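S.K.: Sequence first, then the predicted structure, then my questions.
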Amino acid sequence: HCRLWDTYARETILKIKHIISPAFDCAVEDELISKNPVQSKRLLINTDKGDHHKAIPPELMQHVRKHMDTLPRRERCIVALLCYTGLRFEEILGLQWSDTDIEAKEIKIQRAVIHPTRNQPLVKLPKTKASTRTIPLADKLIEHLSPFESEGFILGGEKPLTYQQKKRCFDKIRERMGLEAYSAHDFRHTCATEWKEHGM
């Protein structure tokens with residue numbers, strides 16, 4: 001069998017199928033082809049939403065949490081934020097020191113940083129309205145982010161990280177922590193899995 005465009009999101013694939021299927025139906029009516037290929041049972045569309053993301057195994061997460069202190073400060077901050085917040089990477093890149101409140105133990109998510117040209121960062125609002133939110137600031141995260149600064153981006157200083165800086169940082173993390181098979185977004189799925197298992 002064949003799988004339809006594995007690199008596309010499921011919703012995108014279904015939109016494409018919806019658009020091209022009538023054209024193939026017309027071709028069948030005009031006897032240009034005998035069957036609509038989009039309707040073939042051999043053509044598989046990935047219906048498992050989010051199939052390309054996976055939770056990181058508990059033993060590997062334990063290893064990462066135990067050894068993140070061995071990373072340089074910037075990479076350690078990235079890993080700690082990924083491990084203890086469940087944030088999207090673009091939200092982590094958008095965090096400023098002023099978004100943190102140590103006394104209240106909270107972080108405000110107010111912006112995201114993307115790289116539409118794979119070059120300079122673009123600061124924007126979070127992905128959805130619900131993405132602008134306040135989340136707990138865990139004790140372990142406070143420990144790894146310390147010392148806290150008064151201004152600037154947590155990961156970049158005056159400016160957020162560029163695409164190449166972000167990529168180099170995460171490549172270093174993957175290599176040092178044995179995470180070659182995992183993406184930054186897999187930490188988000190891992191946090192959701194862990195919290196669900198603890199009744200949250």
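M.R.: Yes, it's here. Treat the numbers as computed from the prediction; the structure is a model and nothing was measured. Numbering: from 1, shown residues only.
S.K.: which residues of the protein score low on pLDDT?
M.R.: By pLDDT under 70, the low-scoring segments of the chain are 1-12, 14, 41-53.
S.K.: out of everything not next to it in sequence, what's closest to residue 82?
M.R.: Distances taken as CB to CB, 6 or more residues apart in numbering place residue 187 nearest to residue 82, at 3.9 Å, with adjacent residues excluded. Any C-beta I mention is one placed from the backbone N, CA and C, and that applies to glycine too.
S.K.: tell me which element the one you found falls in.
M.R.: If you go by DSSP states H and E, residue 187 is part of helix 184-197.
S.K.: quick one: that helix to chain centroid distance?
M.R.: 11 Å (CA atoms, centre = their mean, to the nearest Å).
S.K.: other SSEs contacting it?
M.R.: helix 73-85 (3 or more CB pairs under 8 Å, 6 or more residues apart in numbering; DSSP states H and E).
S.K.: what residues does whatever helix or strand comes next after the helix it packs on touch?
M.R.: Later in the chain than helix 73-85, the nearest helix or strand by DSSP H and E is helix 89-93. With contacts defined as CB atoms under 8 Å, 6 or more residues apart in numbering, helix 89-93 is touched by 78, 81-82, 85, 109, 111-114, 121, 126-127, 131, 153-156, 160-161, 166, 170, 184-185.
S.K.: In helices, which of those fall?
M.R.: 78, 81-82, 85, 166, 170, 184-185 (DSSP state H).
S.K.: Drop anything exposed from these.
M.R.: Buried members of the ones in helices among the contacts of helix 89-93, counted by 16 or more other CB atoms under 10 Å: 78, 81-82, 85, 166, 170, 184.
S.K.: Return the closest of those residues with respect to residue 59.
M.R.: residue 82 (17.2 Å; CB to CB).
S.K.: Show me which positions of stretch 102-121 end up buried.
M.R.: Buried residues in stretch 102-121 (16+ other CB under 10 Å): 107-115, 121.
S.K.: Using JSON lines, lay out the residues you listed together with distance to residue 56.
M.R.: Converted to JSON lines, the buried residues of stretch 102-121 look like this (distance: CB to CB, whole Å):
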{"residue": "107", "distance to residue 56": "22"}
{"residue": "108", "distance to residue 56": "26"}
{"residue": "109", "distance to residue 56": "22"}
{"residue": "110", "distance to residue 56": "27"}
{"residue": "111", "distance to residue 56": "26"}
{"residue": "112", "distance to residue 56": "22"}
{"residue": "113", "distance to residue 56": "23"}
{"residue": "114", "distance to residue 56": "24"}
{"residue": "115", "distance to residue 56": "24"}
{"residue": "121", "distance to residue 56": "26"}
